[in-house]
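Trainee: prediction below, plus the sequence it came from.
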Amino acid sequence: MKVQFYGAAQRVTGSKHLITTRRGTKILLDCGMFQGINTSELNLKFGFNPKEIDYLLLSHAHIDHSGLIPRLVKLGFSGQIFCTAATKSLCQIMLLDSARIQERDLERVNKRRKNRGEEFLELLYEEEDVENAMALFQEIHLNEPFYLEEGIKVEYYNAGHILGSAGIMIDFEEQHYTRKLYFTGDIGRPNDKILQSPSAFSQADYIICESTYGNRLHEPEVDMKAHLLEIVHNTCVRKKGKLIIPAFAVDRTQELVYALDQLEHEGKLPHIPVYVDSPLSVQATMVMKRHREDFNPEILKYIERDGDAFGFNNLHYITDVNDSKALNNYDKPCIIISASGMAEAGRIKHHIANNVENPRNTILMVGYCSPNSLGHQLKSGEPIVKIFGEEKFVKAEVAIMDSFSAHADYTEIIDLLKCQDPHKVKKLFLVHGEIETQTEFKKKLEAEGFKNVMIPAQGEGVEL
């Protein structure tokens, strides 16, 4: 059996791992899009033939894990795609949104390439390809094993990262023995404000493990709501400015809205409008309301008392583009939450472009941003950023809240891996992390008793 790493190898985005069994069955774990600056050409070629893939096992709906599924189908994949019901619901809206964003963005990119005398980039996929892909999705339930085919058993475990996210255990039953490979997907944090904590999984022989925050600890957040309220007061009351929050449409936006909902319910939130300006975020919120099976007991009790964790006075969900543009001329204090979380696409780029040079405003970063992304530049304190080809001076305050991160830090990953006997794990592969981070995390895992920790390179294959 062989595993090959075609994405999220020594980098965070583009999750794609191909397993080829001794009988020749090909199983793809995730089919994610590379994200960030200068990644357009990486998404054009897979490194393998999509027509030869038999099954796709999807961990969750984030675009860096699911974003190239329509292209896979466009280029000939016709097998089944397995995921949780919530992941399927989210992919339906997120992949359509991705197709529309690509079409808009590619037009701008190709204009610039034309001016530089470069060849045009092709569109990765269209809305029709998304619909064709969705027809291949098969819903599965957590903790209910099923067979892909004779000798290949699969079980999904709760990953606690976003709604519907899962880790995937594959049992390869060959002759008189079984080999078990576990793919963590992205690991969430224990005690998430909305979701259940990640689940322990049965003993594995091989583990493909994410390492996004493998070299850092999240700052302890004594009171996340108090910190958020402090930033709201500083920006909207004291400076009378706008609080602009780039947030992933799934989970991050809802967690922010839930925190603001609680503050409003407690009578602490200033009387200012809050705008969720993202059609995708609005749709994702509706999906979350339909899939409470992933919610933790605390939020379920809150919904019982309050009736709605994602709706309060002065909260406005915006879908119409003209209403979104009108916010650029709105000169009163307000909060604007918009996608994407890395500020690489969508309406948030326009909001940042229109507000980043005003010192009254604050841009609040609440999640991971890949290197070279606009969000990463803002978090790093760059004095000048380029947005839509124009240089902008960063005069707005840039604030950071790590408590909203959906990725486990290294202690939280290690705590999850304590369900394993490290001496029985033949190899542990680190993916979904920058090489410097992975190098440090490898040492931490070795100190925990894992002996064969590997950091595969892009395209590398390993025999198991």
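Mentor: Perfect, I can see it now.
Trainee: quick one: the helix or strand hosting Ala226 to chain centroid distance?
Mentor: Applying DSSP states H and E as the criterion places Ala226 in helix 224-232. For helix 224-232, the separation from the chain centroid amounts to 24 Å (computed by Cα atoms, centre = their mean, to the nearest Å).
Trainee: helices and strands around it, which ones?
Mentor: On a contact count with 3 or more Cβ pairs under 8 Å, 6 or more residues apart in numbering; DSSP states H and E, helix 224-232 meets helix 252-265. From N, CA and C alone the C-beta is placed, and that goes for glycine too.
Trainee: identify the bridge partners of Ala399.
Mentor: Leu364 (DSSP bridges).
Trainee: test my guess that it contacts Met365.
Mentor: Yes: counting by Cβ atoms under 8 Å, Ala399 does reach Met365; the two are 7.1 Å apart.
Trainee: the two: who's more crowded?
Mentor: Each of Ala399 and Met365 has its neighbours counted (other Cβ atoms under 10 Å); Met365 has more, 23 against 19.
Trainee: how about the contacts made by that one?
Mentor: With contacts defined as Cβ atoms under 8 Å, 6 or more residues apart in numbering, the neighbours of Met365 are Pro246, Gly375, Leu378, Lys379, Val398, Ala399, Ile400, Met401.
Trainee: same question for Gly76.
Mentor: So Gly76 contacts Asn49, Pro50, Lys51 (Cβ under 8 Å, 6+ apart).
Trainee: excluding sequence neighbours, find me the nearest residue to the first one.
Mentor: The reference is to Asn49. Gly76 (7.4 Å; Cβ to Cβ, 6 or more residues apart in numbering).
Trainee: so the one you found sits in a strand?
Mentor: No: assessed with DSSP: H, G, I helix; E, B strand; the rest coil, Gly76 is coil; it does not lie in a strand.
Trainee: quick one: pLDDT of it?
Mentor: Gly76 is assigned 98 on the pLDDT scale.
Trainee: sorry, back to before: narrow the contacts of Gly76 to those in helices?
Mentor: With DSSP state H as the criterion, helices contain none of these.
Trainee: which one of the residues you listed is nearest to Lys349?
Mentor: Pro50 (30.9 Å; Cβ to Cβ).
Trainee: you'd agree the closest one is up against Ile69?
Mentor: No: taking Cβ under 8 Å as the definition, Pro50 is not a contact partner of Ile69, at 10.1 Å.
Trainee: which one is Leu42 nearest to, not counting chain neighbours?
Mentor: In space, Leu42 is closest to Phe34, 4.3 Å off (Cβ to Cβ, 6+ apart).
Trainee: got it, and Lys16?
Mentor: Nearest residue to Lys16, sequence neighbours excluded (Cβ to Cβ, 6+ apart): Gly7, at 3.6 Å.
Trainee: now that neighbour: phi and psi?
Mentor: Note on Gly7: backbone dihedrals following degrees, to the nearest 10 are phi -170, psi 160.
Trainee: can you pull out the low-pLDDT segments for the chain?
Mentor: 221-222 (pLDDT under 70).
Trainee: quick one, what contacts Gly47?
Mentor: Gly47 is in contact with Gln4, Tyr6, Gly459, counting by Cβ under 8 Å, 6+ apart.
Trainee: how about Gly185?
Mentor: Counting by Cβ under 8 Å, 6+ apart, Gly185 touches Asp30, Ser59, His60, His65, Ala159, His161, Ser165, Ala166, Gly167, Ile168, Glu210.
Trainee: now it: how far from Phe450?
Mentor: Taking Cβ to Cβ, to the nearest Å as the measure, Gly185 and Phe450 are separated by 19 Å.
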